[in-house]
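Participant: no letters, just coordinates:
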């Protein structure tokens, strides 16, 4: 599979549309979780109204739908930011009540497993490296799951999932990058973000 086809498949699997709304570097505050980020200057926000219209009525292609809770239907996309078709991130929150939904850790592990299976399908025979760690953002600890792949021995693709059970939500960020510059921009954005 060619490098371009692999990257196209990765991008298409994470987004169903490519309509953007042009923005300059701005601060964004997410009231539900009390989080402020400064969007890197060369990222644009996806028009969520247009995005919602494009995915309306479509069913996600999930192999193991039984692993996903019914609350996934209540997931709220807070932000989808795109630098280009191969470098982007999204931030979501999903209501999560341990008395109803069970263990957040178990649910989070299922999300990691699903991300790995998805990347395995997309990348085919390419070697995947995974790592799990704790990342601190403004003093709060997040679980970080990273998947890296090298395509044709040349180009590196990094995908990471940051997640935390916070203020009654499963709070997640998924980022995809194909170059170190973009990866560093996203990491700097996270390090400089603030929680109230």
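Facilitator: Thanks, I have it. Every value quoted in this text rests on a predicted model; they were computed, and no experiment measured them.
Participant: looking at it, residue 33 is touching residue 170, isn't it?
Facilitator: No. Residue 33 lies out of contact with residue 170 (CB atoms under 8 Å); the separation is 10.9 Å. In this view, the C-beta of every residue, glycine as well, is placed from N, C-alpha and C.
Participant: of those two, who's got more company?
Facilitator: Between residue 33 and residue 170, residue 170 has the larger neighbour count (other CB atoms under 10 Å), namely 22 against 17.
Participant: hang on, the more buried one in a strand?
Facilitator: Yes. With DSSP: H, G, I helix; E, B strand; the rest coil as the criterion, residue 170 is part of a strand.
Participant: which helices and strands sit right next to the lengthiest helix in the chain?
Facilitator: The helix spanning the most residues in the chain, taking DSSP state H as the definition, is helix 104-123. Packing partners of helix 104-123 (3 or more CB pairs under 8 Å, 6 or more residues apart in numbering; DSSP states H and E): helix 3-14, strand 128-137, strand 140-151, strand 155-166, strand 169-177.
Participant: list the contacts of the last one.
Facilitator: In other words, strand 169-177. Defining contact as CB atoms under 8 Å, 6 or more residues apart in numbering, one finds that strand 169-177 is touched by 10-11, 14, 32-33, 71, 86-96, 104, 107-108, 111, 115, 157-165, 183, 186, 190.
Participant: next helix or strand past it?
Facilitator: Helices and strands here follow DSSP states H and E; after strand 169-177, the next one along the chain is helix 180-192.
Participant: buried members of the contacts of strand 169-177 into PyMOL, please.
Facilitator: Here is the PyMOL command that selects only those of these that count as buried (16 or more other CB atoms under 10 Å):
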select buried, resi 10+11+14+33+71+86+87+88+89+90+91+92+93+94+96+104+107+108+111+115+157+158+159+160+161+162+163+164+165+183+186+190
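Participant: okay, which residue of this protein is out on the far edge from center?
Facilitator: Residue distances from the centre of the chain (CA atoms, centre = their mean) peak at residue 99, which lies 25.9 Å from the mean C-alpha position.
Participant: so which bits of the helix or strand hosting residue 36 are buried?
Facilitator: With secondary structure defined by DSSP H and E, residue 36 is part of strand 35-38. Buried residues in strand 35-38, counted by 16+ other CB under 10 Å: 35, 37.
Participant: neighbouring strands of it in the sheet, and parallel or not?
Facilitator: When sheet partners are counted by DSSP bridges, strand 35-38 sits next to strand 27-30 (antiparallel), strand 194-195 (antiparallel).
Participant: I'd like the average pLDDT over the longest one.
Facilitator: It refers to strand 27-30. In this model, strand 27-30 has an average pLDDT of 90.
Participant: how near is the residue nearest the centre of the chain to residue 115?
Facilitator: Centroid check for the chain by CA atoms, centre = their mean gives residue 174 as the closest residue, at 1.4 Å. The spacing between residue 174 and residue 115, counted by CB to CB, to the nearest Å, is 8 Å.
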